[in-house]
Each structure stands twice: as C-alpha cells, then as structure tokens.
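**Student:** let's see this in three dimensions:
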Amino acid sequence: MNDGKGHYHPNTLITRDIVRILGERGFSVALGPELDNEHYNFNMLNVPANHPARDMQDTFWLKREKNETERRLLRTQTSNMQIRYMEQFVQEGREMPIRIVSPGRVFRNEATDARHEAVFNQIEGLAVDTNITLGHLKGTLEYMLGELFGGTSHVRMRPGYFPFVEPGVEVDATCPACSGSGQAATGNCSVCHGTGWLELMGAGMVHPSVLKNTGIDPNIYQGFAFGTGIERLAMVKYGIDDLRLFNQGDLRLVNQFEA
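**Tutor:** Here you go, the predicted model:
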C-alpha cells in the first residue's frame with residue numbers, strides 16, 4: 001500500500017552518504033557529461049587507441065559526424081571528470097589541493113546478470129597535493145567505509161592494474177555483515193563466503209603521465225584516486241542480491257527506504 005511518502009532510491013542514498021562523508025573531509029562534488037569523447041574518456045587517462053585496457057570497457061560509440069576529430073561515446077567511467085576538473089583547475093590558475101568526488105552513470109557493453117549491467121552508477125574520488133601517499137588513500141577509504149557501513153572498517157590493498165594509476169591496487173574492506181570474522185550464526189557468512197573481506201573498488205596513485213597531461217607537475221604534486229560502483233555498495237549495505245533490481249522500477253524495492 002502506498003503510504004503517501006516519497007522514498008529515495010538506494011543508489012541515491014549511497015551517493016548522498018558518500019558525498020556527505022567525504023564532504024566533511026573537504027571533498028567537493030564534480031559532475032560532468034555522460035556523453036563525452038575518447039580524448040577525456042581514454043586518451044588523457046593513459047589509455048591510447050589500441051591499448052588492451054580498452055577491451056575491458058567494451059564501449060558504446062556514437063556515429064562520427066564529418067566535422068568531428070574525436071570519436072564520441074557514452075562514458076565508461078566517471079574518471080573523465082577527474083581529467084576535466086584537473087585541466088580546468090590548472091587553466092584557472094587555482095591553488096592546490098584538489099579534493100573531489102565524481103558520481104554519475106556510466107555505460108558498458110556488458111552481458112546482464114545478477115552482478116553486471118550495461119548501465120550502472122559509479123563514484124570516484126580524487127585528491128592531489130604535495131606529499132600525498134598510499135597511506136592517505138588507505139586512511140580516507142577506511143574512514144569513508146566505516147561511516148558508510150557503520151562501525152570500524154579495515155582496508156587491505158592488493159596489487160592491481162589500471163592504466164591511469166601507478167601503483168594500482170584492488171581494495172578489499174572488512175565485511176560489514178560479519179565485521180570481518182567470516183562467520184555468521186549458521187556458519188560461514190553468506191556475504192563474504194567466510195573470507196571476512198569484500199572486494200569493493202580499484203584505486204591507486206595517480207599516474208605521473210595523467211597529471212602531466214592536465215598540466216600538473218608530477219615532480220611537485222602527487223595524487224590518489226579510487227572508483228567504485230554505487231550498486232555494489234548498496235548491495236552490501238542493504239543486503240540486495242541482484243543488481244538488476246535497481247533498474248526495474250519496482251516500487252517494492254524503493255518503498256523499503258525512508259524518505
């Protein structure tokens with residue numbers, strides 16, 4: 001029965017929470033176009049034409065007009081806003097630091113299943129300043145995930161490859177369902193399958209070439225970046241087991257959440 005109240009979608013709740021949490025640490029929101037070109041979506045991010053990493057983001061390209069020099073596409077990641085923001089930051093002659101979060105929809109030619117969709121939501125974070133280290137990244141993520149899931153969240157990093165960061169890491173966090181123990185009342189935790197850890201995002205130190213591409217001197221400044229799927233975080237926090245539910249418009253899902 002409709003109780004007359006409006007209800008936020010779980011994607012909106014997660015996005016608002018992360019924006020608030022990181023906003024308390026000096027991060028501002030940077031929004032940008034979903035329809036972009038390969039210059040900002042790929043080339044400036046250290047992913048030139050024919051780079052094998054493009055195969056990981058099978059892409060929706062738009063028909064090129066006769067007067068266009070750059071191919072247009074539906075962005076595959078919100079990292080395009082990191083490039084646009086840093087480039088404009090330098091052009092305006094502003095002073096460091098940079099601290100932004102970039103939420104928004106992204107598009108990939110994915111086969112749809114319980115864990116994958118062709119259209120989904122990401123949120124990325126970027127910080128650039130002098131003397132930035134992986135320790136700052138780890139501390140930021142532990143604070144963000146602890147506030148988001150409640151309690152204390154520990155983070156571990158494993159080596160991972162992303163062309164726009166070096167070093168790159170895969171980030172796991174302690175499972176919020178079992179507080180990292182791997183155990184539930186009936187045996188192994190069903191969320192983390194008894195490991196105590198959940199893989200949540202990719203991250204790393206911004207590649208010097210990416211900083212240089214936007215006009216930032218990598219000999220003076222360093223940065224960290226991370227990106228994660230909003231739906232993935234919502235599935236963990238709210239116990240939703242099928243990503244396809246987010247896009248079906250079924251009010252039985254949305255109406256579970258308070259206005």
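
**Student:** I figured Asn80 hits Glu38, correct?
**Tutor:** No: applying C-beta atoms under 8 Å, one finds Asn80 not in contact with Glu38, separated by 9.9 Å. For every residue, glycine as well, the C-beta is placed using N, CA and C.

**Student:** more neighbours: these two, which one.
**Tutor:** Counting neighbours by other C-beta atoms under 10 Å for Asn80 and for Glu38 shows that Asn80 has the greater number, 27 against 20.

**Student:** please name the nearest non-neighbouring residue to that one.
**Tutor:** Nearest residue to Asn80 in three dimensions, chain neighbours excluded: Tyr40, at 4.4 Å (C-beta to C-beta, 6 or more residues apart in numbering).

**Student:** quick check, the one you found in a strand?
**Tutor:** No: per DSSP: H, G, I helix; E, B strand; the rest coil, Tyr40 lies outside any strand segment and is helix.

**Student:** what segments of this protein are strands?
**Tutor:** 28-29, 35-37, 72-74, 98-107, 119-129, 155-159, 165-174, 183-184, 187-188, 197-206, 222-229 (DSSP state E).

**Student:** looking at those strands, which is closest to Leu253?
**Tutor:** Leu253 lies closest to strand 119-129 among these, at 15.1 Å (C-beta to C-beta).

**Student:** and the closest one, what does it pack against?
**Tutor:** helix 10-23, helix 79-91, strand 98-107, helix 134-149, strand 222-229, helix 230-238 (3 or more C-beta pairs under 8 Å, 6 or more residues apart in numbering; DSSP states H and E).

**Student:** got the ones you listed as JSON lines, with distance to Arg156 and mean pLDDT columns?
**Tutor:** Below are those laid out as JSON lines (distance: least, C-beta to C-beta, whole Å; pLDDT from 0 to 100):
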{"stretch": "helix 10-23", "distance to Arg156": "20", "mean pLDDT": "94"}
{"stretch": "helix 79-91", "distance to Arg156": "23", "mean pLDDT": "95"}
{"stretch": "strand 98-107", "distance to Arg156": "22", "mean pLDDT": "96"}
{"stretch": "helix 134-149", "distance to Arg156": "9", "mean pLDDT": "93"}
{"stretch": "strand 222-229", "distance to Arg156": "14", "mean pLDDT": "96"}
{"stretch": "helix 230-238", "distance to Arg156": "16", "mean pLDDT": "87"}
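
**Student:** now do the buried residues in stretch 31-42.
**Tutor:** Neighbour-count burial for stretch 31-42 flags 32, 36-38, 40-42 (criterion: 16 or more other C-beta atoms under 10 Å).

**Student:** now render these as a markdown table, adding distance to Gln183 and pLDDT.
**Tutor:** Below are the buried residues of stretch 31-42 laid out as a markdown table (distance: C-beta to C-beta, whole Å; pLDDT from 0 to 100):
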| residue | distance to Gln183 | pLDDT |
| --- | --- | --- |
| Gly32 | 43 | 92 |
| Asp36 | 45 | 93 |
| Asn37 | 49 | 91 |
| Glu38 | 47 | 89 |
| Tyr40 | 46 | 93 |
| Asn41 | 43 | 92 |
| Phe42 | 43 | 91 |
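
**Student:** how about stretch 97-111: buried residues?
**Tutor:** If you call a residue buried by 16+ other C-beta under 10 Å, then stretch 97-111 has these buried ones: 98-104, 106-108.

**Student:** measure the nearest residue to Val210 once chain neighbours are set aside to Val191 for me?
**Tutor:** Excluding the flanking residues, the one nearest Val210 by C-beta to C-beta, 6+ apart is Phe164, at 5.1 Å. Using C-beta to C-beta, to the nearest Å, we find Phe164 at a distance of 30 Å from Val191.
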